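*Asks:* Could you work out the structure for the sequence below:
(chains A and B)
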Protein chains: 2
Amino acid sequence: MHYKLALLGFGNVGREFARLLMRKEAELYTRYDTTFTVTGIATGRHGTAINPAGLDLTRVLAALESGQSLDQFTNLPITDSLDFIRKCPAEVLFENTPVNHATGEPAITHLRLALENNMHAITANKGPVVHAYRELTALARAKERRFFFESTVMDGAPIFSLFRSTLPAAQLQSLRGVLNSTTNLILTRMENGETFDQAVKYAQSIGIAETDPSADVDGWDAAVKVAALVTVLMDTPLKPQQVERKGIREITREKIAAAKVEGKRWKLVCSARREGGSVTARVWPELLFPNSPMYNIDGTTSLVEFETDVLGLLSIVETDPGPATTAYGLLADFINAVHK
Amino acid sequence: MHYKLALLGFGNVGREFARLLMRKEAELYTRYDTTFTVTGIATGRHGTAINPAGLDLTRVLAALESGQSLDQFTNLPITDSLDFIRKCPAEVLFENTPVNHATGEPAITHLRLALENNMHAITANKGPVVHAYRELTALARAKERRFFFESTVMDGAPIFSLFRSTLPAAQLQSLRGVLNSTTNLILTRMENGETFDQAVKYAQSIGIAETDPSADVDGWDAAVKVAALVTVLMDTPLKPQQVERKGIREITREKIAAAKVEGKRWKLVCSARREGGSVTARVWPELLFPNSPMYNIDGTTSLVEFETDVLGLLSIVETDPGPATTAYGLLADFINAVHK
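*Replies:* As a prediction, this is how the structure comes out:
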């Protein structure tokens, strides 16, 4: 089977995904009898190109690296992202525009339009999951397409597909985890003597923290991830604003040093628990003992621990992820969407 | 869809599976539109029963608990396990007879016959995986049935289905883990001051270790598990005899105490690595530092760490499993077999 792919949003993750597609092209053919062409790429500030015959990814990446616009690769005038989705001949849309935690837009509009146009809708963007999971899933079902988003929590580690495909008839009762790598990295650096500001600067310098680090350090990113897990895996819609939330600004270097003396560590812990008919969720700094499974989670590594009615505790740890890991989540979603 | 199930082997795991089937009956119907009857149960020493209209599991379990034979529930004369498979009207066979590490028999013969008779073949028995994976998988494919065995490694935790369903196009390069709970429990008890013999006795008293503990303490069980993982996940047939193997008999209480003083722990570590065209596998005691992900794996908890070409390290931890966990693996295999 041959698939035409449209890539909307082409930052670090989008570019890694393009590289991964090239690297896995032969394997997709031999293992999954699947071939593809990328028929459209829309960037935020470097132009947009559609070519029904397929874009040359090597040339596209080289052009962007030398600061050129993608407009040179297209004859089709494209006015905006919606116009791109309407005009690009594709069976799968990969939505990787910047996340909006408060509303999920414009990603939701992009994904809805893609599904309405009979494309599978795949995203690494958490916004649509917490703000439109039920709507987009219902629309996908009605269109016999898929709305998949494996890369939104713990990068490309299989979390949503774990429950979708490998844990049938399991009821998720509670979860706990370290899901925000920026705060975890900052706390790890502060244990080694850096101030909060120094640690934030370091995280910014390696591209992990944003210029305004508040989405991470105030626990918003973690809250969105917990809300996404609860919404999907506990089938209980939850907005990030409903997550009880405290960031790491009060965890001073002195507090961290005092904990270290006692052999303990501060971590920003995400948790959620089903109680009766409702779910309570929380993002909160916790002082952990060495026997906690989260104690050894360093730097950008993340962990989530699931309690179900059939398995006791099952934990997933992803060590040192990066943009290539997120890109793999998109590839896995693609294969799973077209093969089931 | 309605399925008739045959249970061959009805020890702890088989009985837990029967209880789980009853507990999940309503959920299987509402979530998966699946109903079932158990049409046959064959025990090792308490008789065999076939009833095409369905056996009453509550009565069967009660009878066994009071020491009665299952022969009272059947009018059909059944001579042996092969006769049971031939005569029992069923779409799925669950094979849970005792494991034979050296040959995989008689489980292989049971599973082959089930597939030849157009049943899905599901087992918690590691023997057939290491001794007949390719043959049984090919036969299942030819018959458009499934040969599934999730419960053979790490009980019901999703390991095989993880790679089958959630990690498409991922190449497994290496793995490391603590996969034998008996030795791990023995080492944990010895850290708390018990001798090897005392720790073995304790493991036997709670039903974890067998009367002859050598399959565990000499590393055979771990070797079979590594061989199963390599055979299936690296698509490279490997017999337990080909795993470089050393058990825990040389890890004295003195060695353990000396490690403890240095903040280190002994663990029986399983590992495998693809190098060029071949795979090397090993079961060997290792002295671990506190920052090892395996350091905190206590008692019957197990962990496996997978290195793939797309995700870096992904680890799965299963905390405190038991017969109910293994039973869940059988249930997951059942649902995944009939729903895909």
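*Asks:* Spatially central residue for chain A, please.
*Replies:* A:Thr152 (2.0 Å; CA atoms, centre = their mean).
*Asks:* helix/strand/coil for A:Val283?
*Replies:* strand (DSSP: H, G, I helix; E, B strand; the rest coil).
*Asks:* Might one say that it is in contact with A:Ile248?
*Replies:* No: using CB atoms under 8 Å as the test, A:Val283 is too far from A:Ile248 to be in contact (10.0 Å). (C-beta placed from N, C-alpha, C; glycine too.)
*Asks:* Overlap in contacts, these two.
*Replies:* Common contact partners of A:Val283 and A:Ile248 (CB atoms under 8 Å, 6 or more residues apart in numbering or on different chains): A:Gly219, A:Leu268.
*Asks:* what does the stretch 51-200 of chain A have sitting close to chain B?
*Replies:* Within the stretch 51-200 of chain A, the positions near chain B by CB under 8 Å from any CB of the partner chain are A:Gly156, A:Ala157, A:Pro158, A:Ser161, A:Leu162, A:Ser165, A:Thr166, A:Leu167, A:Pro168, A:Ala169, A:Ala170.
*Asks:* mind listing what's buried in the helix or strand A:Asp197 falls within?
*Replies:* Remark: A:Asp197 resides in helix A:196-205, with elements defined by DSSP states H and E. Residues of helix A:196-205 classed as buried: A:Phe196, A:Ala199, A:Val200, A:Ala203 (neighbour count, 16 or more other CB atoms under 10 Å in any protein chain shown).
*Asks:* domain ranges for chain A?
*Replies:* A:2-157+A:323-338, A:172-318 (automatic domain parsing).
*Asks:* any idea whether A:Ser271 is helix, strand or coil?
*Replies:* strand.
*Asks:* Quick check: bridge partners of it?
*Replies:* A:Arg176, A:Arg282 (DSSP bridges).
*Asks:* Around A:Asp212, count how many other residues there are.
*Replies:* Burial measure for A:Asp212: 9 neighbouring residues, criterion other CB atoms under 10 Å in any protein chain shown.
*Asks:* now swap in A:Arg31 and tell me
*Replies:* Using other CB under 10 Å, A:Arg31 has 12 other residues around it.
*Asks:* my guess is it meets B:Gln171, correct?
*Replies:* No: the criterion here is CB under 8 Å, and A:Arg31 misses it with B:Gln171 at 10.1 Å.
*Asks:* thinking again about what came up before, following the helix holding A:Asp197 in sequence, what is the next regular element?
*Replies:* Next along from helix A:196-205, by DSSP H and E: helix A:214-217.
*Asks:* Tell me which other helices or strands that following helix touches.
*Replies:* Here helix A:214-217 is seen to pack against helix A:181-191 when contacts are counted using 3 or more CB pairs under 8 Å, 6 or more residues apart in numbering or on different chains; DSSP states H and E.
*Asks:* for the helix it packs on, what is the average pLDDT?
*Replies:* Predicted confidence along helix A:181-191 averages 95 (mean pLDDT).
*Asks:* And the contacts of it?
*Replies:* Against helix A:181-191 from outside (CB under 8 Å, 6+ apart): A:178, A:196, A:198-200, A:202-203, A:208-209, A:213, A:216-217, A:219, A:221-222, A:247-248, A:251, A:253, A:256, A:260, A:265-268, A:297-302, A:321.
*Asks:* Please consider this matter closed, and thank you.
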